[in-house]
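>>> have a look at this prediction, sequence included:
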Amino acid sequence: MGDMLCSIGEVVLRGLRRAALLAALMSITLIGVADGVSAAQPVACTSITARSAPSSADVFVIGDSLSVGDWCVARSAATEYSVHGLVAAVDARQSRFSATGLSIIRGAQAALPLQIVFALGTNDVIGGAPVASFRTTVESVIRIAGLGRRVHLVTVHSSRHTEAAQRYNDEIWGIAARHPNVSVIDWAGVLGDRSALLAPDGVHLSVAGYRARASFIAGEVSGSSSPPPLLDTSTTTIGAPVGMTTLAPTRLADSRRLLGVTRLRSGVAQRVQVAAVSGLPEEITAIAATFTVTETAGSGFLAAYPCGPVPDVSTTNWPASSWTVANSSIVPLDAAGGICLRSIADTEVIVDVTGYFSPAGTERFTPTVPFRAGDTRTDGRPEGQLVTRFEVSGVGSVPVDATAVSVNVAVVTSAAPLFATVFPCGSPVPSTSTVNVMPGVRVQSNNAIVGVGEGAVCVYTSSAADVVVDVTGWFGSQGRLLQAVEPIRVIDTRQADTSLSAGQQGRAVPPGTIVHVAIAGVRGIPEAARAASINTTAVGQWTDGFVAVFPAGVSWPGTSSVNTHAWRPDSNGLQVALGEGGVSVLSSSSGHVIVDLAGVWL
């Protein structure tokens, strides 16, 4: 990582002893007790290294010169772990790349403690190493650690390599999304623009910076601190409440055909003009659309948002290269009538619009407790036909004059790949898709806002498959208007912060457990909200299953919101009624849940 800006100036102390716990990891000379360091955690410091291996270590920290600074410049890290009742071992060295860290981890194997802090990657960024190599290295570390250990990945920063650092950090978040025993310690997010903590090279830190970093990392590992928030803590409303106008599904953008957008490059946002394009009016303030990725270059996620600062949200998530998957969402527009699309992996992208919001929109939303409108597994499907009709007008709480419905559509098949398109009955099948099913995937779902035709919605499948349709609300002349907000992450159970993890503090949601998510009246969200437009993502699920989202205060209605797959991220956009100011989230499998908000219904 280049020369340390501040010489450690640590005199090597006397009294050698060898640590039995990490003997397989490295031969470490532990020399006395440095000032300010607990006697239980002696650290050998030089100008370029920090090493210790107490036999009682709970945590192993492997790092570069930043970790040397944490332990030896500020002489803070050992004490910070002790404050939280932890004993930490450290192996840090200047100019260390992540591959060297992997070699050390591999050498340790069973001697590793139950928690590992992997604080490497900055030298990879500065040295121009491919992010794919970093991904392979980190995945190998996780594999060696095994499910019985927790791996904490520390995000990287460099003010002179911001784009490269962001690509690495996007990869870190993507890796964590795939592994239930992996957490992200977002030091880069906490550091932000706090230049007073940085040294002149934009990488190393001041003494105060090293102290802050040591305190933050130790607190995150313990889960008992009150660190600076890792996520945006509040949002603001965008414009005034507006009504909707339903559309027949219309293709707005398709990078494969250079329609409105080109192939997305990792970490590079593209703006897509929406207002006054493809026959859409100029006064649009938000759209309801399906966002499909295909021909992906690797695992990742897509964020669709009003252009400006990149929010910490996701729209569509996928687990591997050569993947095709769709997710629907309501997305507010920027002041010039466009949206931005940003992916953390190269991918083709398709945007199909099913409705738009404007001051002239006359359709209002009425949420309902989710109910099942039809299931061809039990109701049967038309013999030899690929279009199935689902009656919705006058069914459940949907009135006969409803103009559109919000539905969750699940495709169940053993003959993937295929795709499904939801559209108003009586209309031609549009050249768009709503659900895409990959080979080997048995169940795939997506939510959509779709117009009602002849009192029903129709689902076309490209080959024979069973279809399940759940209704979450309806549109008509009466109901609620959409209040768009700056997209915000409401909860992420992977986080240590209680207020941002629905109380989970980094623990996976146990199967059958209901987690309450407060929405109305918190973090800048209007208190008058009676329903929410959210995107729900399930990550690190141990088994195939489902996540159900429904109004808080009511019993689970027997429906599903996201069909989940073991060790694969799955997401779904939803319009869901709020009960007691929030929603309940039920997971059938152990795993993590993320909820992002794009708007509320007033």
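Thanks, I have the structure now.

>>> show me which residues of the helix or strand harbouring residue 144 are buried.
In the assignment (DSSP states H and E), residue 144 maps to helix 131-145. Of the residues in helix 131-145, those buried under the neighbour-count criterion (16 or more other C-beta atoms under 10 Å) are 131, 134-135, 137-138, 141-142, 144-145. In short, each C-beta sits where N, CA and C put it, glycine included.

>>> make CSV out of the residues you listed and add pLDDT and distance to residue 347.
Rendered in CSV, the data for the buried residues of helix 131-145 read as follows (pLDDT from 0 to 100; distance: C-beta to C-beta, whole Å):
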residue, pLDDT, distance to residue 347
131, 94, 15
134, 96, 19
135, 95, 16
137, 97, 23
138, 97, 21
141, 96, 26
142, 96, 24
144, 95, 30
145, 93, 29
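
>>> list just the nearest of the residues you listed to residue 312.
For these, the minimum distance to residue 312 (C-beta to C-beta) is 19.3 Å, reached by residue 131.

>>> these two touch, right, the closest one and residue 168?
Yes - between residue 131 and residue 168 there is a contact under C-beta atoms under 8 Å: 5.8 Å.

>>> from residue 446, how far off is residue 326?
Between residue 326 and residue 446 the distance is 6 Å, computed by C-beta to C-beta, to the nearest Å.

>>> for residue 301, list each beta-bridge partner.
Per DSSP bridges, residues listed as beta-bridge partners of residue 301: residue 317.

>>> residues near it, how many?
By the criterion of other C-beta atoms under 10 Å, residue 301 has 24 neighbours.

>>> now the one 10 residues further on
The local packing count at residue 311 equals 20, with neighbours defined by other C-beta under 10 Å.

>>> now this protein, which segments are flagged as low pLDDT?
Across the chain, the ranges flagged by pLDDT under 70 are 1-42, 193-196, 200, 224-233, 495-497.

>>> please enumerate the helices of it.
With DSSP state H applied, the chain shows helices at 65-68, 77-83, 98-108, 122-126, 131-145, 162-178, 187-191, 207-222, 376-379, listed in chain order.

>>> and of those, who's closest to residue 535?
Taking the helices of the chain one by one with C-beta to C-beta, helix 162-178 is closest: 13.7 Å.

>>> what sits up against that closest one?
Helix 162-178 is touched from outside by 121-122, 124-125, 128, 131, 134-135, 138-139, 142, 153, 155-158, 182-184, 186, 188, 266-267, 299-301, 317, 319, 344-345, 494, 537, 539-540, 567-569, with contacts defined as C-beta atoms under 8 Å, 6 or more residues apart in numbering.

>>> give the buried residues for stretch 416-425.
Within stretch 416-425, the residues that qualify as buried are 416, 418-425, counting by 16+ other C-beta under 10 Å.

>>> what's the answer for stretch 593-602, then?
Along stretch 593-602, these residues count as buried under the neighbour rule (16+ other C-beta under 10 Å): 593-602.

>>> again with stretch 572-581
For stretch 572-581, the neighbour count (16+ other C-beta under 10 Å) marks 572-579, 581 as buried.

>>> hmm, back to that, quick one: the buried residues of stretch 593-602 as CSV, columns for distance to residue 453 too.
Formatted as CSV, the entries for these read as follows, by distance: C-beta to C-beta, whole Å:
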residue, distance to residue 453
593, 34
594, 34
595, 32
596, 31
597, 30
598, 27
599, 26
600, 28
601, 24
602, 28
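
>>> count the residues that sit near the residue lying closest to residue 139 once chain neighbours are set aside.
Here the nearest residue to residue 139 in space, its sequence neighbours aside, is residue 175; by C-beta to C-beta, 6 or more residues apart in numbering that works out to 6.7 Å. Other residues within reach of residue 175, judged by other C-beta under 10 Å, total 20.

>>> gap between residue 175 and residue 319?
The separation that residue 175 has from residue 319, given C-beta to C-beta, amounts to 11 Å.

>>> same question for residue 61.
29 Å.

>>> so between the two, which is more surrounded?
Neighbour count, other C-beta under 10 Å: between residue 61 and residue 319, residue 61 has more, with 30 against 20.

>>> hmm, residue 80 and the more buried one touching each other?
No - contact between residue 61 and residue 80 fails when scored by C-beta under 8 Å: they sit 11.0 Å apart.

>>> which residues do those two both contact?
residue 217.

>>> what's near enough to touch the closest residue to residue 235 other than its chain neighbours?
Nearest residue to residue 235 in three dimensions, chain neighbours excluded: residue 488, at 4.1 Å (C-beta to C-beta, 6+ apart). Taking C-beta under 8 Å, 6+ apart as the definition of contact, the neighbours of residue 488 are 231-232, 234-235, 311-313, 523-525, 596-597.

>>> quick check: the gap between residue 530 and residue 55.
58 Å.

>>> ok, the two, which is more surrounded?
residue 530 (19 against 13).

>>> any idea how far that one is from residue 484?
The spacing between residue 530 and residue 484, counted by C-beta to C-beta, is 15 Å.

>>> hmm, back to that, now the buried residues of stretch 572-581 in CSV, with distance to residue 66?
Output for the buried residues of stretch 572-581, formatted as CSV (distance: C-beta to C-beta, whole Å):
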residue, distance to residue 66
572, 38
573, 38
574, 40
575, 44
576, 42
577, 47
578, 43
579, 46
581, 42
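
>>> so which of these comes closest to residue 222?
Using C-beta to C-beta, the shortest approach to residue 222 within the buried residues of stretch 572-581 belongs to residue 581, at 31.1 Å.

>>> list the contacts of the closest one.
The contact partners of residue 581, by C-beta under 8 Å, 6+ apart, come to 518-521, 527, 529, 552.

>>> tell me how many other residues crowd residue 411.
25.

>>> partner residues bridging it?
Here residue 411 sits in beta bridges with residue 444, residue 467, going by DSSP bridges.

>>> show me what contacts it?
For residue 411, the set of contacting residues under the criterion of C-beta under 8 Å, 6+ apart consists of 418, 420, 435, 437, 443-445, 461, 465-467.

>>> same question, residue 74
Per C-beta under 8 Å, 6+ apart, neighbours of residue 74: 207, 210-211, 214.

>>> if we use 6 Å, what do you get?
Taking C-beta atoms under 6 Å, 6 or more residues apart in numbering as the contact definition, residue 74 lies against 207, 210-211.

>>> buried residues of stretch 531-547, list them for me.
By 16+ other C-beta under 10 Å, the buried positions in stretch 531-547 come out as 531-542, 544-547.

>>> touching that stretch from outside, list them.
Contacts with stretch 531-547, where a contact means C-beta under 6 Å, 6+ apart, come from 177, 180, 317, 329-330, 367, 519, 549, 560-566, 569-578, 587-601.
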